[in-house]
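J.: this one's sequence-less:
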């Protein structure tokens, strides 16, 4: 069951994501983002990077393996660990899921069609257990993704997903 607060936040995200795109000049390309990347980069660094970074994901996995919690937000420690291991395997297979640079983020947006946008829009990324997990494993400087940053990320991802959205 979705709480009223989450429902309101989701509605705000949907409304803001549905705003018409500004008219593009002849110099702009179809895939050019409409949000400033520095805002997106700050949001990614503070709330996505523990897991979506090749250099830090292994440490996250090790800390989860050593952690003493049984479950977070209804997900068992083993299930969370399996999701992290799957993310690691995808990165090792060359799927661009490490977001440590603009080039990597843009490569992911171009290769993934629309999932990033939809995951943000539906509120499944970051996962609902991320904040408590980062607290449980004592991850420094983690921040819950604020709605304003989610909106900026949606604006950034929308151009690459536009042709797949109805």
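T.: Nice, I can see it. Nothing here was measured: the structure is a model prediction, and the numbers come from that model.

J.: From now on I want contacts and neighbour counts done on CA atoms only, so please keep to that.
T.: Will do.

J.: Give me the helix or strand of this protein that scores worst on average pLDDT.
T.: None of the helices or strands of the chain scores lower by mean pLDDT, DSSP states H and E than helix 4-17, at a mean of 45.

J.: Tell me the first helix or strand C-terminal of that helix.
T.: Heading C-terminal from helix 4-17, the first helix or strand you meet, by DSSP states H and E, is helix 37-47.

J.: Low-confidence bits of this protein, can you list those?
T.: Residue ranges of the chain with pLDDT under 70: 1-34, 113-114, 166.

J.: where exactly do the strands run in it?
T.: 71-72, 75-76 (DSSP state E).

J.: ok, residues contacting the last one?
T.: With CA atoms under 8 Å, 6 or more residues apart in numbering as the contact definition, strand 75-76 has outside contacts at 70, 129.

J.: Now find how far off-centre that strand is within its chain.
T.: Distance, stretch centre to chain centre, for strand 75-76: 20 Å (CA atoms, centre = their mean, to the nearest Å).

J.: likewise stretch 46-54?
T.: The chain centre lies 9 Å from the centre of stretch 46-54; the measure is CA atoms, centre = their mean.

J.: What is the end-to-end distance of that stretch?
T.: Using CA to CA, to the nearest Å, the end-to-end distance of stretch 46-54 comes out at 15 Å.

J.: in that stretch, what counts as buried?
T.: For stretch 46-54, burial by neighbour count (16 or more other CA atoms under 10 Å) applies to 47, 48, 49, 50, 51, 52, 53, 54.

J.: Can you give me every residue that contacts the nearest residue in space to the first one that is not next to it in sequence?
T.: Distances taken as CA to CA, 6 or more residues apart in numbering put residue 143 closest to residue 47, at 5.2 Å, once the chain neighbours are dropped. Residue 143 makes contacts with 46, 47, 131, as judged by CA under 8 Å, 6+ apart.
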